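Engineer: model this:
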Amino acid sequence: MGRYILKRLSLMLMTLLIVISVTFFLVRLLPGSPFNDEKLNAQQVEMINKQYGLDAPVPVQYLRYMTGVFTGDLGRSFKYDNKKVEDLISTRLKPSAMLGAQALVIGSVVGLTLGIVAALKKNTFWDYFATVISVLGVSVPSFVLAALLQLYLTTRHQIFPVTWGMPIGSDFRYAWTVLPSIALAFFSIASIARFTRTELVEVLNADYIVTAKSKGLTKAAVIVKHALRNALIPVVTMLGPLTVGLLTGSLVVEKVFAVPGLGDLLVSSITTNDLFCISGVSIFYSALYIGVILLVDILYGIIDPRIRVAGGKA
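Structural biologist: Okay, the predicted model is just below:
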């Protein structure tokens, strides 16, 4: 297991290095200039380019940027009062993390519950209900659901605040986080419910489950001790992609609900061509994605010790 983790860490660092390099060059291929909207003459633009090091040849800029990245310096934002990009990310991370954590909890709890009930109540109302939710969840984009929730539950009925941080007549301090979390969690609910139902139905028809029943074990014991444990192992592999999916899905949802998070920062940076901010947030997302996938792989090996991986036993 130790050798496997070291091997995965090495691969992760290599992948991250490639991502940083590709991001650097792709961002510089964006059309236009971050100073297009400014009423500046040629001399002023030249001075600003020199200030940010954009007057140097691209290979020199690349070396400077890579040195900065590995020393914790992601550059300074053009549009956010020359603030350090790492400080902007740190400030914007809390709302996004809160939103993502709530959405992940909602998606996991509701999705697992719905999938388990659907499998145990096969070909009943609950099974069909779970199927409908699964189809809607993978078909309706999160930003469409976000707009609908905002329209009906904030504008028309005024149950929740329209945007993030807006006060309402409720004592619930974080009421403004509910609708964005639900909008983000809907896809996770659908995916987890569908996958859990499929896996559990397959496990319940396995020979060892039939054997356990023939030995006189109660239905509850068979489900909890044997069926659920084996059915949920593959579901763990979904948590990595779903977690990152929540972050990427939040890009538009944060805009809809005016959440001052990383998604809003990235979208705003792209529209204003803020090179260092685009690169910094993209690199952060990539590092987070790689880290989550590594953690899921390790967790998968811990849950099922039978799994052998390259370089050792899990």
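
Engineer: Okay, buried residues for the longest helix anywhere in the chain please.
Structural biologist: The longest helix of the chain (DSSP state H) is helix 85-120. Neighbour-count burial for helix 85-120, counted by 16 or more other Cβ atoms under 10 Å, picks out 85-86, 88-89, 92-93, 95-96, 98-100, 102-104, 106-108, 110-112, 114-120. Any C-beta I mention is one placed from the backbone N, CA and C, and that applies to glycine too.

Engineer: Kindly report the same for stretch 259-269.
Structural biologist: Buried residues in stretch 259-269, counted by 16+ other Cβ under 10 Å: 259, 260, 261, 262, 263, 264, 265, 266, 269.

Engineer: closest to residue 30 among these?
Structural biologist: Using Cβ to Cβ, the shortest approach to residue 30 within the buried residues of stretch 259-269 belongs to residue 269, at 10.7 Å.

Engineer: Assumed the closest one was part of a helix.
Structural biologist: Yes - the assignment for residue 269 (DSSP: H, G, I helix; E, B strand; the rest coil) places it in a helix.

Engineer: got a list of what it touches?
Structural biologist: 77, 79, 277, 278, 281 (Cβ atoms under 8 Å, 6 or more residues apart in numbering).

Engineer: can I assume the last one is in contact with residue 261?
Structural biologist: Spelled out, that is residue 281. No - contact status for residue 281 versus residue 261: not in contact, 10.4 Å apart, counting by Cβ atoms under 8 Å.

Engineer: Let's test this: mean pLDDT of the helix or strand hosting residue 68, rounded?
Structural biologist: Assigned by DSSP states H and E, residue 68 belongs to helix 58-69. Averaged across helix 58-69, the pLDDT comes to 89.

Engineer: ranges for the strands of this structure?
Structural biologist: For the chain, applying DSSP state E gives strands covering 308-309, 312-313.

Engineer: residues making contact with stretch 195-210?
Structural biologist: Stretch 195-210 is contacted by residues 111-112, 114-116, 118-120, 122, 127, 130, 222-223, 226-228, 230-232, 234-235, 238 when judged by Cβ under 8 Å, 6+ apart.

Engineer: quick one: average confidence on that stretch?
Structural biologist: Regarding stretch 195-210, the rounded mean pLDDT is 84.

Engineer: Check what pLDDT residue 124 gets.
Structural biologist: For residue 124, the model assigns a pLDDT of 92.

Engineer: Quick check: phi and psi at it.
Structural biologist: In terms of degrees, to the nearest 10, the main-chain angles of residue 124 are phi -120, psi -180.

Engineer: Give the burial count for it, as a bare number.
Structural biologist: When neighbours are counted by other Cβ atoms under 10 Å, residue 124 registers 11.

Engineer: next one: residue 81
Structural biologist: Using other Cβ under 10 Å, residue 81 has 7 neighbouring residues.
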